[in-house]
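Undergrad: Predicted model and sequence follow; I will ask about them next.
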Amino acid sequence: MNSYLFNLINQLAGKWETLDALGVFLASYLGYILIFLLLVLALVNFRKYRIMVLAAYFSGFLARFLLVAPIRRIYPVARPFDAGQVNLLVYRSSSASFPSGHTSFFFALSFFLLFWFKKVKTPPKNWRLITVFFFLSAFSIGVARIYCGLHWPFDVLGGAVIGLFSGWFTKKAAVLLLRNF
């Protein structure tokens, strides 16, 4: 199933220059825009959003470096371009691919924002739009990483699950810590 879904998506790579450019942008650069947008949110209203933004970044850090990295050491899975013939659009050195670090990081941000905005008394007026944008972006990053030949679909699914856990855990920890201050 993993190989079938991968081939279904990756077979499209290399056929349309515009789609390839979009795939590379989503897989490699969209994440920087998300990180920057969170920073802008904090700068717009520093007192109100500084804790939320720092906790969101922590959630992504937790997912990517404290959860994904050990899983990759324990359960190494070869990247698609190491396992066979793929349409590789983004060069990446060989390393374990399960779970996707990019997907886990950006789903962690997305889930944290969702959990946080639902919990606070006065979320921004457009909090639903912000959350939907982050989720669509995280999903797009994951699919683009498959399209570009960097990850298997189960890598992306695993990254999303880790992001869910990380976002939930960070929100719970932040609420507990803030109660004690």
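TA: On my side now, so go ahead.
Undergrad: Would you map the strands across this structure?
TA: For the chain, strands defined by DSSP state E do not occur.
Undergrad: Pass me the low-pLDDT residue ranges in it, would you?
TA: 180-181 (pLDDT under 70).
Undergrad: again, 50 this time
TA: Counting by pLDDT under 50, not a single residue of the chain qualifies.
Undergrad: can you map out the helices along it?
TA: 2-10, 17-28, 30-44, 46-61, 69-74, 80-83, 101-119, 127-147, 153-179 (DSSP state H).
Undergrad: Tell me which of those sits most buried.
TA: helix 101-119 (a mean of 25; mean count of other Cβ atoms under 10 Å). Using the backbone N, CA and C atoms, a C-beta is placed for each residue, glycine as well.
Undergrad: Spatially central residue for this structure, please.
TA: Phe106 (2.4 Å; Cα atoms, centre = their mean).
Undergrad: if we can go back for a sec, Leu89: which of the helices of the chain is closest?
TA: Taking Cβ to Cβ, helix 17-28 is the member of the helices of the chain nearest to Leu89, at 5.5 Å.
Undergrad: just how off-centre is the closest one within its chain?
TA: Here helix 17-28 is found 17 Å from its chain centre; the criterion is Cα atoms, centre = their mean, to the nearest Å.
Undergrad: Quick one: list the elements packing against it.
TA: For helix 17-28, the packing partners by 3 or more Cβ pairs under 8 Å, 6 or more residues apart in numbering; DSSP states H and E come out as helix 127-147.
Undergrad: neighbouring contacts of the helix it packs on?
TA: 5-6, 9-10, 12-13, 22-27, 30-31, 33-34, 41, 89, 100, 102-103, 106-107, 109-110, 113-114, 117, 124, 151-153, 155-156, 159-160, 163 (Cβ atoms under 8 Å, 6 or more residues apart in numbering).
Undergrad: mind listing what Gly101 touches?
TA: So Gly101 contacts Arg64, Val68, Ala69, Gly159 (Cβ under 8 Å, 6+ apart).
Undergrad: whoops, Ala56 was the one
TA: By Cβ under 8 Å, 6+ apart, the contact list for Ala56 reads Leu38, Ala108, Leu109, Phe112, Leu113, Trp116, Thr170.
Undergrad: now do the same end-to-end measure for stretch 60-74.
TA: Start to finish, the residues bounding stretch 60-74 are 20 Å apart (Cα to Cα, to the nearest Å).
Undergrad: oh, I was asking about stretch 117-132
TA: Stretch 117-132 end-to-end distance (Cα to Cα) = 12 Å.
Undergrad: Any idea how far that stretch is from the middle of the chain?
TA: 19 Å.
Undergrad: Perfect, that will be all.
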